[in-house]
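> Provided below are the primary sequence and the corresponding predicted coordinates.
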Amino acid sequence: MSESVVEASLLAVDAFVEHLWLQQGLADNTRAAYRRDLTDFARFVQTKGTLLQAQGDWVQDYLADRLERQLSANSTARCVSALRRFYKWQQQLGRIEHNPMALIQPPKTQRKLPTSLSQTQVEALLNEPDESEPLEHRDLAMLELLYASGLRVSELVGLTIDQLNLRQGLVRVMGKGGKERLVPIGEQAMAVISDYLAGSRGVLLMEKRCDHVFPSQRGKAMTRQTFWHRIKLYVARAGIKADISPHTLRHAFATHLLNHGADLRVVQLLLGHSDLSTTQIYTHVAKARLQALHQAHHPRG
């Protein structure tokens, strides 16, 4: 009985995720997260009924269960968002009469400040790859571009040759929700990338065909995980002790721009944030760094 209930629920989830792709253009990672959340809820309520039969108290019980499992408030907030969108769509289609999310409030979340690197640490990281080694030359080009443009790691590894315009010093990026943006690269990154394209990229491909700017050793698109492992290699070699994440250089890009007087809305456009409030978190990072510098160097700090 419960397996057939789950199967019916998963069919509804499949249709919803397809709707997100067709109508709203949500990123793959977002759709995958929504699918996981809805599937988890479907399995939790399987002894009571399908997703389309859910009641408000089922949701309350599920949220209490997530609390007992010590799942983070941020992941639960995302889960509530997934359930809201799912049931709003079902109501629009006329498949449910009462929305079980009507009285549900998401948990309060505390936005974490992103980990960043100092300019000295960035310089140390960029000095680690050996340009005479094709693989490390590729990595240097990736690191330079990441720091110069603030791309997401997924945007970096997915970058194709036709998105790169070195003559104008621009990269054309298709970001979240299928939104396109043009981001300047900068002379230092342009020089490194030009050298890499003229030499090491061909060595890595060994006459294989690949549209991606930064192919793997197998001549195919690189994964985010592979690039993350490469970053950790150089972080270790540089002796950097900071808690690094795959987006640390993106955070450093934004923080350093603001530290040097860049306008917040310009940074928002460069990062591809749809909402300015998402970008504003970097002002806290910049302020914290300025306060630390003041305390360290001012005679009355």
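Great, that's in hand. Numbers count the residues shown, from 1 in each chain.

> what's the burial count for residue 82?
By other Cβ atoms under 10 Å, the residues close to residue 82 number 24. Using the backbone N, CA and C atoms, a C-beta is placed for each residue, glycine as well.

> with residue 133 instead?
Counted with other Cβ under 10 Å, residue 133 comes out at 13.

> distance of it relative to residue 201?
13 Å (Cβ to Cβ, to the nearest Å).

> ok, now residue 37?
Note on residue 37: its distance to residue 201, by Cβ to Cβ, is 40 Å.

> swap in residue 259?
Taking Cβ to Cβ, one finds residue 259 at 33 Å from residue 201.

> how is the chain divided into domains?
2-92, 119-297 (automatic domain parsing).

> where among these is average confidence lowest?
Least confidently modelled of these is domain 119-297, at a mean of 82 by mean pLDDT.

> which parts of the stretch 151-300 of the chain are strands?
164-165, 170-174, 180-184 (DSSP state E, counting those that start in this stretch).

> helix/strand/coil for residue 13?
Assigned with DSSP: H, G, I helix; E, B strand; the rest coil, residue 13 falls in the helix class.

> who's more crowded, residue 259 and residue 201?
More crowded of residue 259 and residue 201, by other Cβ under 10 Å: residue 201, with 21 against 18.

> you'd agree that one is up against residue 215?
Yes. Using Cβ atoms under 8 Å, residue 201 is in contact with residue 215, at 7.3 Å.

> need the residues touching each of those two.
The contact sets of residue 201 and residue 215 overlap at residue 138 (Cβ atoms under 8 Å, 6 or more residues apart in numbering).

> in the protein, which spans are helices?
Counting by DSSP state H, one finds helices in the chain at the ranges 2-19, 28-44, 56-68, 73-92, 119-126, 134-149, 153-157, 187-198, 200-205, 224-238, 248-259, 264-271, 276-297.

> JSON lines for these, including distance to residue 169?
Shown next, in JSON lines, are these (distance: least, Cβ to Cβ, whole Å):
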{"stretch": "helix 2-19", "distance to residue 169": "38"}
{"stretch": "helix 28-44", "distance to residue 169": "29"}
{"stretch": "helix 56-68", "distance to residue 169": "47"}
{"stretch": "helix 73-92", "distance to residue 169": "37"}
{"stretch": "helix 119-126", "distance to residue 169": "18"}
{"stretch": "helix 134-149", "distance to residue 169": "10"}
{"stretch": "helix 153-157", "distance to residue 169": "17"}
{"stretch": "helix 187-198", "distance to residue 169": "6"}
{"stretch": "helix 200-205", "distance to residue 169": "19"}
{"stretch": "helix 224-238", "distance to residue 169": "23"}
{"stretch": "helix 248-259", "distance to residue 169": "16"}
{"stretch": "helix 264-271", "distance to residue 169": "14"}
{"stretch": "helix 276-297", "distance to residue 169": "23"}
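
> how many neighbours does the residue nearest to residue 209 when sequence neighbours are not counted have?
Leaving out its chain neighbours, the residue that sits closest to residue 209 by Cβ to Cβ, 6 or more residues apart in numbering is residue 219, at 7.9 Å. If you count neighbours by other Cβ under 10 Å, residue 219 ends up with 14.

> how far away is residue 85 from residue 57?
On the measure of Cβ to Cβ, residue 85 and residue 57 end up 21 Å apart.

> same question, residue 195
Distance from residue 195 to residue 57, by Cβ to Cβ: 63 Å.

> return the set of buried residues in stretch 192-212.
Buried residues in stretch 192-212, counting neighbours by 16 or more other Cβ atoms under 10 Å, are found at 192, 193, 196, 197, 200, 201, 204, 205, 210, 212.

> which of those lies closest to residue 156?
Taking Cβ to Cβ as the measure, residue 156 lies nearest residue 212 of the buried residues of stretch 192-212, at 10.2 Å.

> I'd say the closest one and residue 156 touch.
No. If you go by Cβ under 8 Å, residue 212 and residue 156 don't touch, sitting 10.2 Å apart.

> shouldn't residue 117 be in contact with residue 240?
Yes. Using Cβ under 8 Å, residue 117 is in contact with residue 240, at 7.3 Å.

> got any residues that touch both of those two?
residue 125.

> which of the two has more residues huddled nearby?
Neighbours per residue (other Cβ under 10 Å) separate residue 117 from residue 240, with residue 117 holding more: 22 against 19.

> look up how far residue 83 lies from the closest residue to that one other than its chain neighbours.
Spatial nearest neighbour of residue 117, excluding adjacent residues (Cβ to Cβ, 6+ apart): residue 252 at 4.6 Å. Distance of residue 252 to residue 83, computed by Cβ to Cβ: 35 Å.
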